[in-house]
Each structure stands twice: as structure tokens, then as C-alpha cells.
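Chemist: next comes the sequence, and after it the predicted model I'd like to discuss.
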Amino acid sequence: MVNKPKKILIVRTDRLGDVILSTPVIQNLREHFKYAQISFMCRPYTREILEGNPYLDEVIIYDKYGKHKSLFSTIKFSFYLRRKKFDWAIILHPTTRVNMVTFLAGIPFRIGWDKKGGFLLNKKIFHNKQEGQKHEVDYTLDILREISLAIITKETYFPVTSKAEEVIKNLLQGYGINENDKFIVINPSASCPSKRWPKDNFIKLIELLRARINMGIVVISSIAEKRTAQEICEQKEVIDLRGKVSISELGALLKRAKLLISNDSGPVHIASSLNTPVISIFGRKNPGLSPRRWKPQGEHSFYFHKDVGCKECLAHNCQKHFLCLKSITPLEVAEKVFSLLSK
């Protein structure tokens with residue numbers, strides 16, 4: 001193994017779920033280097049996943065779509081990092097820009113994937129994530145294995161603050177959901193049409209649930225994806241929290257929920273981190289996007305994924321009108337809900 005570090009920078013600048021699934025790296029590094037300063041560099045919208053993590057000393061924001069978008073501002077940012085004098089950079093998601101930033105920051109040891117500017121690293125791992133042979137948690141931990149660090153835990157972590165819990169408590173009370181009342185959360189949104197179970201299926205699912213269980217049903221989405229659930233909220237009597245809670249508050253909401261039903265997206269991994277049962281719905285026949293790599297973790301988590309015979313997945317250009325998603329019926333999802341709630 002390389003020299004023992006005093007200051008470690010972990011880098012991941014992609015999406016919500018990706019960052020959550022990278023949190024075991026933080027704890028494993030802390031277990032091995034109890035007195036090192038450990039920092040995490042992320043995008044602005046994922047900072048709430050990391051702030052409050054007990055194994056982390058600092059969150060550094062790199063706004064690659066905002067104030068750090070230009071080449072000049074990126075170079076300036078790299079010199080800001082240089083002044084911090086990191087010994088190691090652990091780069092969990094390959095981008096040319098991130099590899100360039102850590103190189104220009106003069107960090108002596110930089111390890112990551114041999115892809116997108118991998119020549120800027122001085123320790124490279126062969127990139128085969130697209131094959132989807134293991135869970136994303138294990139892919140991130142492979143970087144630590146490469147430097148002979150034993151893996152002590154694979155548990156993800158999401159911080160829930162008392163402030164966020166109080167906000168959610170008051171918000172739910174406004175909809176008639178008191179502290180001991182049970183409720184289910186539904187997330188009908190996702191980043192791509194090829195990940196979205198049809199809205200009519202969600203509407204039918206809510207009908208089936210209403211007929212058998214007496215619980216509140218909360219619908220969530222990000223602000224950007226509010227429109228994907230518009231008809232669901234208009235046609236069914238639900239608690240509409242689309243775009244109304246921050247990421248931290250979403251954690252507090254999911255911590256209280258009996259169950260999350262969701263497309264393959266970030267809230268799945270928040271709920272799993274908080275030991276809330278999850279039913280996740282997957283489309284696409286693509287190894288790199290498969291449940292093997294992205295399924296919800298946890299003893300009481302489940303996923304649906306159907307192979308409808310596609311030789312190649314065309315994603316949002318699907319010629320079968322997303323048959324893989326349509327083949328998952330509201331009835332079979334409802335039956336799984338009833339099964340999980342009975343445990």
C-alpha cells in the first residue's frame with residue numbers, strides 16, 4: 001500500500017443515489033485511518049447526503065454546472081484544492097474534469113477508474129462497470145481493495161437531522177398524518193422516460209392499495225420532475241409533496257414511512273439506508289443499469305424487472321413503447337406491498 005495519508009479527498013460528482021452508495025467508502029477509510037482528515041467533494045445538490053456524516057470532516061462543493069463550469073473557474077478551483085494539501089484523492093466516478101482537477105491540485109496519490117482522462121491518475125483500475133457484474137457499492141469499494149484496504153462494512157449512511165424531522169412532522173400534521181400514523185410513499189418520477197413505470201399503472205396501484213389498507217399515501221418527486229406525477233395527484237386522493245421537501249427532509253419522511261414504492265432512482269437508496277422497506281421498479285435490459293448493480297439493499301427490499309426479449313436496449317428511443325415497464329402489473333406490485341406490510 002502507498003504511504004499512510006494524513007489528508008484524504010473522496011470525489012464523486014454525479015447523482016443522488018450514486019453518492020449514497022459511495023458512503024461505505026467514507027466509513028471504511030475512517031476505520032483504517034482514524035486520525036486522518038477526510039473530505040468529500042460533490043455537487044451542490046448532493047451535499048445534504050454528506051453533511052452530518054460522522055465519519056467525514058468536510059464537504060467540498062464543486063459546482064460543475066454552475067460557478068465552476070468554465071475551464072478558468074475549474075483551474076482556479078484546483079488551486080483552491082492545492083492549498084489544502086491532500087495526500088490522497090479517491091475518485092469514485094470517472095470524469096475527465098475531476099481527474100484534471102485533482103491532477104492540477106498536486107495531490108500526490110490519485111486513484112480511480114481508467115476511463116475519461118484516466119492517464120491523469122497515478123493508480124488506475126480497469127473500468128468494467130458497464131458489465132454490471134456486481135452492486136455499485138462493491139464497485140466503489142474495489143478502489144479500496146486495490147490499495148489493500150480490508151472492507152469492514154458495506155452499509156450506506158444517510159444523516160437525518162432533528163430539524164428535518166421537525167419539518168416533516170409539522171408538514172404531515174397539516175395533512176392529517178400524526179406522529180404514530182402509518183403511511184406509504186410513492187415516487188413515480190425518474191431521470192429518464194425509460195425508467196418510469198406508466199402513470200396509469202401508479203393510478204391503478206393506488207386504487208388497489210386503497211381497497212385493502214387504511215394508510216396515507218404520499219407522492220414525492222423532485223422539483224424538476226413534478227409534471228411526471230401531475231395526473232396521479234389530480235385523479236387520486238393522495239398527499240402531494242412533489243417538490244416540497246429538501247433532500248434532508250426527504251430522508252426524514254422516508255425514515256417514518258412504512259414502505260417506499262419507486263422507480264429506479266435516488267430515493268430508493270435513501271430509504272434503504274434508513275432500513276425502510278422498498279419496492280423498486282426497473283426497466284431496460286442493460287447490464288450496467290440492471291438490478292444486480294442498482295437494486296435496493298436491505299432485508300425487506302424488493303425489485304421488479306422483466307426481460308421482454310430485447311436484443312439491445314435503446315433506452316429512451318425504445319421501439320417497443322417501454323414494454324419491459326408495462327409488463328410489470330399494478331396487481332403484482334400491490335400483492336408485494338401487502339406481503340411486505342404483513343411482516
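Modeler: Looks like it arrived, so ask away. Numbers count the residues shown, from 1 in each chain.
Chemist: excluding chain neighbours, what is closest to residue 306?
Modeler: residue 327 (4.6 Å; C-beta to C-beta, 6 or more residues apart in numbering). All C-beta spots, glycine's among them, are computed from the backbone N, C-alpha and C.
Chemist: thought the one you found was touching residue 309?
Modeler: No. Residue 327 is not in contact with residue 309 according to C-beta atoms under 8 Å; the separation is 10.5 Å.
Chemist: how about the strands in the chain?
Modeler: Under the criterion DSSP state E, strands of the chain are mapped to 7-11, 37-42, 58-61, 88-91, 109-113, 123-125, 183-187, 216-219, 239-240, 259-263, 278-281, 301-304.
Chemist: circling back to that earlier point, of residue 327 and residue 309, which one has the most company?
Modeler: A count of neighbours by other C-beta atoms under 10 Å puts residue 327 above the other of residue 327 and residue 309, at 15 against 9.
Chemist: could you export the strands of the chain as TSV, including mean neighbour count?
Modeler: Output for these, formatted as TSV (neighbours: other C-beta atoms under 10 Å):
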stretch	mean neighbour count
strand 7-11	23
strand 37-42	23
strand 58-61	16
strand 88-91	27
strand 109-113	22
strand 123-125	18
strand 183-187	24
strand 216-219	21
strand 239-240	20
strand 259-263	26
strand 278-281	26
strand 301-304	19
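Chemist: mind putting the ones you listed into TSV with distance to residue 193 and mean pLDDT?
Modeler: Shown next, in TSV, are the strands of the chain (distance: least, C-beta to C-beta, whole Å; pLDDT from 0 to 100):
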stretch	distance to residue 193	mean pLDDT
strand 7-11	30	98
strand 37-42	26	98
strand 58-61	30	98
strand 88-91	30	98
strand 109-113	28	97
strand 123-125	32	95
strand 183-187	15	97
strand 216-219	19	95
strand 239-240	22	94
strand 259-263	10	97
strand 278-281	13	97
strand 301-304	17	95
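Chemist: need the ones you listed in a markdown table with distance to residue 159, can you?
Modeler: A markdown table is the format used below for these (distance: least, C-beta to C-beta, whole Å):
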| stretch | distance to residue 159 |
| --- | --- |
| strand 7-11 | 16 |
| strand 37-42 | 13 |
| strand 58-61 | 11 |
| strand 88-91 | 20 |
| strand 109-113 | 26 |
| strand 123-125 | 29 |
| strand 183-187 | 19 |
| strand 216-219 | 21 |
| strand 239-240 | 24 |
| strand 259-263 | 18 |
| strand 278-281 | 19 |
| strand 301-304 | 20 |
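Chemist: for residue 146, which of the ones you listed is the nearest?
Modeler: strand 123-125 (5.5 Å; C-beta to C-beta).
Chemist: pLDDT below threshold where in the stretch 1-150 of the chain?
Modeler: 1-2 (pLDDT under 70).
Chemist: got the buried residues for stretch 66-82?
Modeler: 68, 74, 77-78, 81 (16 or more other C-beta atoms under 10 Å).
Chemist: wait, which of the residues you listed is closest to residue 279?
Modeler: residue 68 (37.5 Å).
Chemist: and that closest one, how far from residue 242?
Modeler: As judged by C-beta to C-beta, to the nearest Å, residue 68 and residue 242 stand 29 Å apart.
Chemist: check residue 174 too.
Modeler: 15 Å.
Chemist: ok, and the closest non-adjacent residue to residue 40?
Modeler: residue 10 (4.7 Å).
Chemist: so the one you found touches residue 26, yeah?
Modeler: Yes. Contact criterion C-beta under 8 Å: residue 10 and residue 26 qualify, at 6.5 Å.
Chemist: any idea how far the closest residue to residue 266 other than its chain neighbours is from residue 155?
Modeler: Leaving aside its sequence neighbours, residue 266 sits nearest to residue 16 (C-beta to C-beta, 6+ apart; 3.1 Å). Using C-beta to C-beta, residue 16 is found at 18 Å from residue 155.
Chemist: can you show me the helices along the stretch 101-250 of the chain?
Modeler: 136-146, 162-173, 199-212, 230-235, 247-256 (DSSP state H, counting those that start in this stretch).
Chemist: looking at those helices, which is buried most?
Modeler: helix 247-256 (a mean of 24; mean count of other C-beta atoms under 10 Å).
Chemist: show me what it is packed against.
Modeler: Where contact means 3 or more C-beta pairs under 8 Å, 6 or more residues apart in numbering; DSSP states H and E, helix 247-256 is packed against helix 47-50, helix 162-173, strand 183-187, helix 266-273.
Chemist: quick one: it to helix 266-273, angle?
Modeler: 50 degrees (axes from the mean of the first three to the mean of the last three C-alpha atoms, to 10 degrees).
Chemist: residues making contact with helix 247-256?
Modeler: Helix 247-256 is touched from outside by 16, 45-46, 48-49, 158-161, 163-165, 167-168, 171-172, 183, 185, 218, 220, 241, 245, 260, 267, 270-271, 274, 276, with contacts defined as C-beta atoms under 8 Å, 6 or more residues apart in numbering.
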